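In: how would this look folded up:
(chains A and B)
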There are 2 protein chains.
Amino acid sequence: MAGSGMAALREAAGAAGKLAAEEHEGLRYERLVDDWHGLARGTVFAAGIVIPGYPPIPRILRLATGLAERFPGPFRVEEKIDGYNVRYALVEGRLLGFSRGGFVCPFATDRGPELFDPAVLEEAPSRVLCAELAGPGNPYNIGRPPDPVADVALYAFDLLATDGSGFLPAGELDALAAAGAVRRARLLGRHTAADVAALRTLLHRLDAERREGVVFKEDGPQGRRAKYTTARVTVDDLRVTGAELLDLPPWYFTGRLLRLALFVDEEGLPRERLAAEMGTALLEGMLDAVAQVRDHGRVEHAFRCRFRARANAERFAAMLRGRAAVQVLVDGIEPDAEGYHVLRFRRVYPAMTGLLANVLRGGAIED
Amino acid sequence: MAGSGMAALREAAGAAGKLAAEEHEGLRYERLVDDWHGLARGTVFAAGIVIPGYPPIPRILRLATGLAERFPGPFRVEEKIDGYNVRYALVEGRLLGFSRGGFVCPFATDRGPELFDPAVLEEAPSRVLCAELAGPGNPYNIGRPPDPVADVALYAFDLLATDGSGFLPAGELDALAAAGAVRRARLLGRHTAADVAALRTLLHRLDAERREGVVFKEDGPQGRRAKYTTARVTVDDLRVTGAELLDLPPWYFTGRLLRLALFVDEEGLPRERLAAEMGTALLEGMLDAVAQVRDHGRVEHAFRCRFRARANAERFAAMLRGRAAVQVLVDGIEPDAEGYHVLRFRRVYPAMTGLLANVLRGGAIED
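Out: This is a model prediction of the structure:
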């Protein structure tokens, strides 16, 4: 995208009311709040460049027909990691990590230089590194990927171009990963839709290992993509989020239950065992919430995130406090033995807390 | 309520836009579409009388604290039946059965004289008989009460007064039941909130028998009430409605899951077994929907309802067809060996059908 084309686009998006103005350490930028004219929500306009939003990947719920319907030719299979989506870009020489919505994420930004070699972007500043930030030390997700990650790890899966032309050739990221500059989401082979038996075997293995699933990708700047997830990751999701039953949109649960049923049906997993695991996960999550309200009057989840710079931890805490939709209790920032600044905070689930506190006290509901 | 008071009330409700005009076999009547000025939704104004709406019964989710909070004195415990709420009244000498929303129900009306002795109302026309219409032959609920009911049965639980003064003394219904004029929802004792151990034993038994639960009632025209339901009826609900996962409001499921968790927690039921039953119920329901779409392209449930008069079966079919929110396929009306007119119809679940048909074909969704 030429500079003047970008300026015109930004102006038009602004006139349409699709831009929100943000600021990070003196850098003013704008983010696209909805999909708009072929640009994905989360697209960032900053210092004369465009950092494209990460395009949503359609989900197939059936492997055989889903692949046949979508992929006339070969595709690569990549492991899907359960974390949060980050885009790294160089803006006026600064390495910034952006969230899916297009906010600078103080956590991703702070830890970025540890998680990959910044030369990936410095040697080609028009690259945007797209990756999943995962692990128990991440500030958003409660679930943990099955890899033995002690704190956080970055799994790169794409390079986007700031010129708006889409994805860079997959080989470019592969080469960077091979050179050790970045960890790549695991590649699990190259297939066509006809290889459904082999893919089924692969998915069975990933399911048994409680991995999230896979992304299928045609190569090319606008190549087709699809994602497909395992039953076990859904079970694990339900265990973690059962405590938030009323704080998540209800289709969060119904959608996952249905996904699980479709996976079990197509992959021929043992139904009884999966049903018991699913029921146990949901019940345990909810009973955990009940026990929490009984014990300390609140359903919450504690996070512990390590920052290199204390200022970033403070910035992150301020950001959490500023979001009306999320109730957060910040417990403090303390240095640890390795020189990190550890931000401890708790997310509170107000709907679950309110209902359970009321009914445990003997309150009635009308339904 | 004096006649002129009633006329003024009706006029005011109409002016407030709270009345919908309906017609049944030449009888024009109006029903209250929302709770309004102390009148319950479903209140009916017909031929100079008011048939009060059946007031919603608050649900407690904890037995011990819920009873202590709500009942300072003694209350009766009555079995709660899983069917649909009907009010029978005499209007211009005709016995009519009204649904919760205040519609004349052609099914309840047709079968009424078989299900209780109309003398209950004829000898005291200001009575409104409130009851649950339950059993596999009912046109609304798929779940079945655990009693061995071959077709349908009526379980009366209250008498309301058309003069607007509230519930008639419980003894009046008890006497009618004792005389064999009507079947009464089973009485399970008289207790106070201090008897929680005995009530817990009772609830364990009802749960093991897969009964829905209980209603606690203080006697008196405006006596306090509360309902409390078992874990097993929730499991059974989930099995039946898993196939409708996307056609019911999502809080239908989240609310029930939470109820189940609270029951298991308070009543100390074996968690593992309940979790497995819950998971199995949900999974079976969903897999049934998947199998249906694969087999005949549609998620549906077949009903078979017997009417004494063919005209009522036709009226019921016309009513079903007229409701935009429900998709129904009417298969026909045929006489059976006992002289009934059997209406066979299928309810179709369009959201579940649409999504499953799409994904089984290989369609992708964005989430």
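In: can you list the domains in chain A?
Out: Per automatic domain parsing, the structural domains of chain A span A:3-229, A:300-348.
In: Of all these, which one comes closest to chain B?
Out: Shortest separation from chain B across the domains of chain A is recorded for domain A:3-229, at 3.2 Å, computed as Cβ to the nearest Cβ. (Each C-beta comes from the backbone N, C-alpha and C, glycine too.)
In: where's that closest one relative to the chain centroid, distance-wise?
Out: 9 Å (Cα atoms, centre = their mean, to the nearest Å).
In: Can you spell out which helices and strands pack onto the helix or strand of chain A with the lowest mean pLDDT?
Out: None of the helices or strands of chain A scores lower by mean pLDDT, DSSP states H and E than helix A:3-15, at a mean of 82. With contacts defined as 3 or more Cβ pairs under 8 Å, 6 or more residues apart in numbering or on different chains; DSSP states H and E, the packing partners of helix A:3-15 are strand A:27-32, strand A:44-46, strand A:49-51.
In: Can you give me the buried ones in that helix?
Out: Neighbour-count burial for helix A:3-15 flags A:6, A:9, A:10, A:13 (criterion: 16 or more other Cβ atoms under 10 Å in any protein chain shown).
In: quick one: that helix to strand A:27-32, angle?
Out: Relative orientation of helix A:3-15 and strand A:27-32, computed by axes from the mean of the first three to the mean of the last three Cα atoms, to 10 degrees: 70 degrees.
In: what residues are up against residue A:79?
Out: Contacts for residue A:79 (Cβ atoms under 8 Å, 6 or more residues apart in numbering or on different chains) come out as A:155, A:185, A:186, A:187, A:188, A:206, A:211, A:212, A:213, A:214, A:215.
In: sec struct for the last one, please.
Out: Three-state secondary structure (criterion: DSSP: H, G, I helix; E, B strand; the rest coil) places residue A:215 in strand.
In: hang on, it packs against residue A:225?
Out: Yes: between residue A:215 and residue A:225 there is a contact at 6.3 Å, judged by Cβ atoms under 8 Å.
In: Tell me which residue in the stretch 101-250 of chain A sits closest to chain B.
Out: Distances from the stretch 101-250 of chain A to chain B, computed as Cβ to the nearest Cβ, single out residue A:250 as the nearest residue at 3.0 Å.
In: Grab the most central residue of chain A for me.
Out: residue A:84 (2.3 Å; Cα atoms, centre = their mean).
In: Which strand residues bridge that residue?
Out: residue A:133 (DSSP bridges).
In: That one against residue A:98, yeah?
Out: No: in this structure, residue A:84 is not within contact of residue A:98 by Cβ under 8 Å, at 11.2 Å.
In: Take the helix or strand containing residue A:90, keep the C-alpha atoms, and write them as PDB.
Out: Assignment of secondary structure by DSSP states H and E places residue A:90 within strand A:84-91. Coordinates of the C-alpha atoms in strand A:84-91 are reproduced here as PDB (Å, rounded to 0.1, in the frame of the first residue of the first chain):
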ATOM      1  CA  TYR A  84      -3.400 -15.200  22.700                       C
ATOM      2  CA  ASN A  85      -2.800 -13.700  19.300                       C
ATOM      3  CA  VAL A  86       0.000 -11.100  19.100                       C
ATOM      4  CA  ARG A  87       1.400  -9.100  16.200                       C
ATOM      5  CA  TYR A  88       4.900  -7.700  16.600                       C
ATOM      6  CA  ALA A  89       6.000  -4.800  14.400                       C
ATOM      7  CA  LEU A  90       8.600  -2.100  14.400                       C
ATOM      8  CA  VAL A  91       7.100   1.400  14.800                       C
END
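In: Which strands or helices does it pack on?
Out: Strand A:84-91 makes packing contacts with strand A:49-51, strand A:94-99, helix A:106-115, helix A:119-122, strand A:127-134 when contacts are defined by 3+ Cβ pairs under 8 Å, 6+ apart.
In: repeat that with 6 Å
Out: strand A:94-99, strand A:127-134 (3 or more Cβ pairs under 6 Å, 6 or more residues apart in numbering or on different chains; DSSP states H and E).
In: Let me see the contact set for the spatially closest residue to residue A:44 that is not a sequence neighbour.
Out: Closest residue to residue A:44 apart from its sequence neighbours, by Cβ to Cβ, 6 or more residues apart in numbering or on different chains: residue A:51 at 4.1 Å. Taking Cβ atoms under 6 Å, 6 or more residues apart in numbering or on different chains, we find residue A:51 in contact with A:44, A:89, A:128.
In: Hmm, the second one is touching residue A:127, no?
Out: The one in question is residue A:89. No: counting by Cβ atoms under 6 Å, no contact exists between residue A:89 and residue A:127, whose distance comes to 7.8 Å.
In: Would you map the helices across the stretch 201-350 of chain A?
Out: The residue ranges that make up the helices of the stretch 201-350 of chain A, judged by DSSP state H, counting those that start in this stretch, are A:231-241, A:250-267, A:271-296, A:310-322, A:350-360.
In: Next to chain B in this structure, residues from chain A, please.
Out: Remark: the part of chain A in contact with chain B comprises A:56, A:58-62, A:65-66, A:68-69, A:226, A:245, A:250-251, A:253-254, A:258, A:261, A:265, A:275-276, A:278-280, A:283, A:286-287, A:290, A:359-362, A:364-367, using Cβ under 6 Å from any Cβ of the partner chain.
In: Buried subset of those residues, written for ChimeraX?
Out: Selecting the buried subset of the residues of chain A next to chain B in ChimeraX, with 16+ other Cβ under 10 Å as the burial test, is done by:
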select /A:56,58,59,60,61,62,65,66,68,69,226,245,250,253,254,258,261,265,275,276,278,279,280,283,286,287,290,359,360,362,364
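In: re earlier: and the pLDDT at the residue nearest to residue A:44?
Out: According to the predicted model, the pLDDT of residue A:51 comes to 96.
In: Could you do the one 4 residues further on as well?
Out: The confidence metric pLDDT takes the value 93 at residue A:55.
In: mind listing what it touches?
Out: residue A:40.
In: Next one: it from residue A:41, what distance?
Out: Plainly put, residue A:55 is 10 Å away from residue A:41 if you go by Cβ to Cβ, to the nearest Å.
In: try residue A:349
Out: Taken as Cβ to Cβ, the span from residue A:349 to residue A:41 is 25 Å.
In: Which one's more surrounded, these two?
Out: With other Cβ atoms under 10 Å in any protein chain shown as the criterion, residue A:349 and residue A:41 differ in neighbour count, and residue A:349 comes out ahead with 23 against 18.
In: Is the more buried one in contact with residue A:247, as I believe?
Out: Yes: A contact is recorded between residue A:349 and residue A:247 when judged using Cβ under 6 Å, the distance being 4.2 Å.
In: Any chance of the contacts of residue A:79 in a markdown table with neighbour count as columns?
Out: A markdown table is the format used below for the contacts of residue A:79 (neighbours: other Cβ atoms under 10 Å in any protein chain shown):
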| residue | neighbour count |
| --- | --- |
| A:155 | 25 |
| A:185 | 22 |
| A:186 | 15 |
| A:187 | 15 |
| A:188 | 18 |
| A:206 | 22 |
| A:211 | 22 |
| A:212 | 26 |
| A:213 | 22 |
| A:214 | 25 |
| A:215 | 22 |
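In: What about the residues you listed, which are in strands?
Out: With strands defined by DSSP state E, the entries of these inside them are A:155, A:187, A:188, A:213, A:214, A:215.
In: Name the nearest residue to residue A:348, ignoring sequence neighbours.
Out: Nearest in space to residue A:348, with sequence neighbours left out and distances taken as Cβ to Cβ, 6+ apart, is residue A:327 at 4.1 Å.
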